[in-house]
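**Student:** kindly return the folded structure for what I paste below:
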Amino acid sequence: MATVVLHHSMSINFLSCVALLSSLLLSCLCSSLDDTHHTIQVSSLLPESTCKTSLTTQQVDDKRSSLRVVHKHGPCSQLVQDKANAPTHDQILLRDQSRVKSIQSRFSKITSASASTSETNRVRDSKADLPVQSGSTVGAGNFIVTVGLGTPKKELSLIFDTGSDLTWTQCEPCAKYCYKQKEPTFNPSLSASYTNVTCSSSLCSALISATGNTPGCSASTCVYGIQYGDSSYSVGFFGKERLTLTSRDAIDNFLFGCGQNNRGLFGGSAGLLGLGRDKLSLVQQTASKYGKYFSYCLPSSSSSTGHLTFGKGSGASGSVKFTPLATISQGDNFYGINIEGISVAGTKLSISSSIFSNAPGIIDSGTVITRLPPTAYSALSSAFKKMMTKYPKAPALSILDTCYDLSKYSTVSIPKVSFYFNGKTSVDLEPSGILYAASASQVCLAFAGNGDDTDVLIYGNVQQQSFEVVYDVAGLKLGFSPKGCA
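**Tutor:** The predicted structure follows:
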C-alpha cells in the first residue's frame, strides 16, 4: 500500500514539474516575442472619423511656444472645404514620389537637360517676370499649424516643412491668381505692421539661397519667386510682418513672401512655414529668441494631433537620443543625418556600412515614406517577409511592394524594426512607423527603395510619427524621444 502511495506522489510531482516547466517555457517564449515583435490591433492602423487631441504634459508645461499640428486632410483639420477632395493613397504616394525626385535632383552633381529647361521656365504675374528653377515639391503627406500674421493678427493655416526655407502666404489683391484657401486671404494693406522690402536691400539678395532664384523688382519692391517640383508655385512681394505663434509669443519684422500669383496642391492651406537651415527660415530668423532649437511630434494617425514647439524648454528630456546633424554640400539647406544600420525582430541586417556611407542622408518632414538605398531596402523587405509568412499577401500599393491582407484578423504580430544612427543612437519604430495602411485589406511595409544606392536617403514622416523629433541646430544635433504624442 505504501508503494502505491509513493508512486502516486511521484506521479503528481512529475506532472507538477512538467506543468511548471511548460509555464516557464511559455513565459520565456512570450517574453522573447515581446522583445522582437509588436502585437497590435489592426484597427489601430486606420484613422478614426473623429479627432482625438493629444496634449502631453510637456506641452502643458511649455504651452507658450507650442503650436498644434494636424494632418491637413484628417478630421482634426479645419480645412473643411477640402475634405471632400482629399487625395487617395495612390495620389499621396505619387505626389510623394514627385517630391523625392525633386529633392534628388537638387543633390545631383550633374545638371540634366531637364534642369536646363527649367531655368528658362518663367512664372508670370502682372508685376514680375522672373526665371524660376524647380525646387522641392510640396508633396501630399503634409502637416499644418495655425499662426497669426499682421496687426491685428489674422489666423492662417500653413504647411510646415523642414525641406523649405521661405515662409509665404497668399495676399490680397491677388494680382494674378490665388487658389482657394480656408481662411480669408491676408491683406497687407489692413495691417499696421507690414512693410515691403526694397530691391536694393541686402535682404532681397538673401532670396537667392532660400529659393534658388534671383529676385525680381517691381516699383522698388523686392519680388520673390519659388516653384516646386510638382509645378506648384508662388510669386509675390517680399515683406516684413509681425508673426504670432501663440497668444504670448510674437516675432516682429519677420521676413516672408506675400504671394500675388499662386497655384498648386496646397490643400486649402494659406501657404508654407519654412523650417529649413537657410537664414530666411523661421528657425534662423528666431535664433536670438529660441536658440535655433525646435521640436515636433507628428501624430501617428490623421485623426490625432501633435505639436510644433520652439525653444529648448520644450523637447528637452532625459529620454531624447541624439545623433549628430550632418551638412551635405549638394543640399546644405536640408538637415543631414547618417544612418548606419537597420534591425528586424532584434537582428541587425547584414548590410555593408558602405551602402549607407555612399548615399547622403536627410530627415524631411514633408516626405511621407522613407527612401532607402535599394540594397538596404531589399534586405529589410526580405527579413520582414520571412516574419510575416502566416499572413496573406495583398497587391502592391503604388511604390509600396510588400503588402498584406489583414482584414480577417483583429490582432496581428509584426516584427519590430529599429534604425541605428551615427553616435550609437538607436530608434525603435512604433507600429505606425513600420506599416502604411490604405485599408485593412491592404497594409504595407512603409519603406521604399531608391533607384540607385547613391541616391539621397530620406528619413520620412511616417517613421517619425509619435516621436518627439528634436532639432538642436546650434548644437548640430538631432534627437528622438518616444511617445511624444499619440
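
**Student:** and the strands in the stretch 151-300 of the chain, which stretches?
**Tutor:** Using DSSP state E, counting those that start in this stretch, the strands found in the stretch 151-300 of the chain span residues 154-161, 168-170, 195-196, 216-218, 221-227, 233-246, 249-263, 271-274, 293-297.

**Student:** looking at these, which is nearest to residue 396?
**Tutor:** strand 154-161 (28.0 Å; Cβ to Cβ). C-betas here are computed from N, CA, C, even on glycine.

**Student:** what packs against that closest one?
**Tutor:** In this structure, strand 154-161 packs against strand 143-149, strand 271-274, with contacts taken as 3 or more Cβ pairs under 8 Å, 6 or more residues apart in numbering; DSSP states H and E.

**Student:** okay, buried residues for that strand please.
**Tutor:** Within strand 154-161, the residues that qualify as buried by neighbour count (16 or more other Cβ atoms under 10 Å) are 154, 156-161.

**Student:** nearest to residue 182, out of the strands of the stretch 151-300 of the chain?
**Tutor:** Distance to residue 182, taken as Cβ to Cβ, is lowest for strand 154-161 among these, at 6.0 Å.

**Student:** from the chain's centre, how far out does that closest one sit?
**Tutor:** On the basis of Cα atoms, centre = their mean, to the nearest Å, the separation between the geometric centre of strand 154-161 and that of its chain is 16 Å.

**Student:** give me the low-pLDDT residue ranges for the chain?
**Tutor:** Low-confidence regions of the chain, defined by pLDDT under 70, span residues 1-33, 54-64, 80-85, 109-141, 229-230, 313-317.

**Student:** quick test: name the residue nearest the centre of it.
**Tutor:** Centroid check for the chain by Cα atoms, centre = their mean gives residue 365 as the closest residue, at 2.4 Å.

**Student:** any idea how far residue 385 is from residue 65?
**Tutor:** From residue 65 over to residue 385 the distance is 44 Å, taken as Cβ to Cβ, to the nearest Å.

**Student:** an error on my part: the question was meant for residue 335.
**Tutor:** 32 Å.

**Student:** ok, the two, which is more surrounded?
**Tutor:** For the pair residue 335 and residue 385, the greater number of neighbours falls to residue 335 (25 against 14), based on other Cβ atoms under 10 Å.

**Student:** and that one, bridged to which residues?
**Tutor:** According to DSSP bridges, the partner residues bridging residue 335 are residue 363.

**Student:** ok, it - contacts?
**Tutor:** Each residue near residue 335 by Cβ atoms under 8 Å, 6 or more residues apart in numbering is listed here: 162, 276-277, 325, 362-364, 471, 478.

**Student:** one more: residue 203?
**Tutor:** Contact analysis of residue 203 by Cβ under 8 Å, 6+ apart lists 197, 222, 238, 255.

**Student:** so the first one touches residue 241, yeah?
**Tutor:** Read that as residue 197. No - with contact taken as Cβ atoms under 8 Å, residue 197 and residue 241 are classed as non-touching, separated by 10.7 Å.
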